[in-house]
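Chemist: quick one: sequence plus predicted model below, questions after.
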Amino acid sequence: MSEQAPTLTVAPVAPGEATAGRKVFVKTYGCQMNVYDSDRMTDTLARDGYQTTDVLEEADLVLLNTCHIREKAAEKVYSELGRLRDMKKARAKDGRALTIGVTGCVAQAEGAEILRRAPAVDLVVGPQTYHRLPAMLKRAKSGERVVETEYAIEDKFEHLPAPDRARTRARGVTAFLTVQEGCDKFCTFCVVPYTRGAEVSRPVAQIVAEAERLVAAGVREITLLGQNVNAWHGAGPDGGEWGLGNLLRRLSQIEGLARLRYTTSHPRDMDESLIAAHRDLPKLMPYLHLPVQTGSDRILKAMNRRHTAAEYIALIERIRAVQPDLAISGDFIVGFPGETDEDFEDTLRLVETVGYAQAFSFKYSIRPGTPGAQMDGHVAEAVKAERLERLQDLLFRQQRAFAAGCIGRGIDLLLEKPGRMPGQLVGRSPWLQPVNIDAKGSEIGDIIRVRITDAGPNSLFAEATGA
Ligand code: SAH
Ligand code: SF4
Ligand code: F3S
């Protein structure tokens, strides 16, 4: 991966020029891809002399890396911008500048509209142009209000700096790695195809190089990311066309890398090779996030998910046949336009049939510009709220049952961070549950053998068993 400063469309700023000692504060909303992007942005800015700070008051530059998926997520940004406007005003009195940038999916969706609604904002940067941040900042400094929401022709990944060793180490023993971006599926409720653009896969060599750098910096577990991660495809070094299964096979050869995960998958893109990877690769964790949204065929059709409930259940059976220990997680939307009580009962039935270890569920939120917004039969808020409560009740019971089923089991635990109590460490089970343990003799980054002794509502407890 290129270590050069971006030179394609902009004049590079000499490292440190006029920015030494400056600090950037990034607030990240939304999905893991935004978490990954925030880190890539601070890496880019670090090359330009910016230090990252966790203290808002210290910052010269604040970036809100935003999410547009539901109305609430998007509106949060404007209330935060109100607070930042006040901070900018107060600073101006002391003669100290504050630069405010909006990045991410709200930036892409609303563009210049953000400048109109929030005059304190200096720059608006869509997710495909992060590599141009230093140049944009330079323009903002000279008083221009900058909006860049074009889909760049150049591959931003070629121009974003690879994660730096020291910074990676500071971020911990697990890391995200975006392998695919964008979406061509156009589910009728969803903004992602509009905010992240068409599906693009990163090339194998670029991904392997980034994974190797992460592992060399101490990362033990990598989660491959994509809005549709299992739609990832690329030319393999063997000359063949590779899907995610082969990519996982290649990555699991990296020495020192202990665990692989991937998210988020679409049921239509679970191919045989990926299913077989769950059988063949000990490093691939037995956890699969496979959103279904609804159990009603009628609603699945209206959502343009392009599969039926029975096909989804059959798919899960096929994966469980090769990996019986698999934990399934999912996403659900209640109250999509036209959803009747009967449709909702179908969702509950599907949940009963599948048995989820974890799940995320949401009330349908109208997103401007999506086909769902134009549909008839919008469901009343109170009905959505009641359905959500019933669904979450069931999902939570399943999560507790899954956790209770872990008690007594021996598992490998990757220790990730200090626990709440002194002397405690918290790790993750293969099924992504947080597990608390007495740290004695172990360190963050170790993978230790433990026995699960108890299960709380959101985490497990374990004791080390050695060997
Ligand atoms: N690519 C993934 C989902 C990405 S968005 C997939 O196809 O499954 C993450 C989740 O947000 C979705 O699975 C869905 O459950 C939820 N979501 C998306 N748009 C929404 C909307 N308009 N209202 C409510 N929830 C929504
Ligand atoms: Fe959105 Fe559907 Fe694409 Fe997932 S597959 S990102 S839900 S359009
Ligand atoms: Fe949100 Fe964009 Fe992710 S809309 S969920 S931040 S892809």
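Modeler: That came through, no problem. Numbers count the residues shown, from 1 in each chain. Ligands and ions are numbered 1, 2, ... in the order given.
Chemist: residue contacts, the closest residue to ligand 3 within the stretch 101-250 of the chain?
Modeler: For the stretch 101-250 of the chain, the residue positioned closest to ligand 3 under CB to the nearest ligand atom is C105, at a distance of 3.3 Å. For every residue, glycine as well, the C-beta is placed using N, CA and C. Applying CB atoms under 8 Å, 6 or more residues apart in numbering to C105 gives the contacts 30, 34, 66-69, 127, 191-192, 195-196.
Chemist: narrow the residues you listed to those in strands?
Modeler: Per DSSP state E, strands hold the following members of these: T66.
Chemist: most neighbours among the contacts of C105, please name it.
Modeler: Most neighbours among those, by other CB atoms under 10 Å: T66, with 30 neighbours.
Chemist: how near is it to ligand 2?
Modeler: As judged by CB to the nearest ligand atom, to the nearest Å, T66 and ligand 2 stand 16 Å apart.
Chemist: sketch out the low-pLDDT regions of the stretch 151-300 of the chain for me.
Modeler: Along the stretch 151-300 of the chain, segments meeting pLDDT under 70 span 153-154.
Chemist: run a quick neighbour tally on the residue of it at minimum distance from ligand 1.
Modeler: Nearest residue of the stretch 151-300 of the chain to ligand 1: P291, at 3.3 Å (CB to the nearest ligand atom). P291 sits with 19 neighbouring residues when counted by other CB under 10 Å.
Chemist: grab the nearest non-local neighbour of it.
Modeler: In space, and not counting its chain neighbours, P291 is closest to D331: 3.5 Å by CB to CB, 6 or more residues apart in numbering.
Chemist: and ligand 1, is the strand or helix carrying that neighbour touching that?
Modeler: D331 is part of strand 327-334, with elements assigned from DSSP states H and E. Yes: counting by CB under 6 Å from any ligand atom, ligand 1 has neighbours in strand 327-334: 331, 333.
Chemist: which other residues reach that strand?
Modeler: By CB under 8 Å, 6+ apart, strand 327-334 touches 189, 264, 286-294, 303, 316, 344, 347, 351, 354-364, 384, 387-388, 391, 395, 402, 430-432.
Chemist: what's the following helix or strand after the longest helix along the chain?
Modeler: In the chain, assigned by DSSP state H, the helix with the most residues is helix 381-406. Using DSSP H and E, the helix or strand that follows helix 381-406 in sequence is strand 410-418.
Chemist: and the angle for the following helix or strand past that following strand with strand 410-418?
Modeler: Beyond strand 410-418 in the direction of the C-terminus, DSSP H and E gives the next helix or strand as strand 424-428. Per axes from the mean of the first three to the mean of the last three CA atoms, to 10 degrees, the angle that strand 424-428 makes with strand 410-418 is 120 degrees.
Chemist: tell me which other helices or strands strand 424-428 touches.
Modeler: strand 410-418, strand 434-438 (3 or more CB pairs under 8 Å, 6 or more residues apart in numbering; DSSP states H and E).
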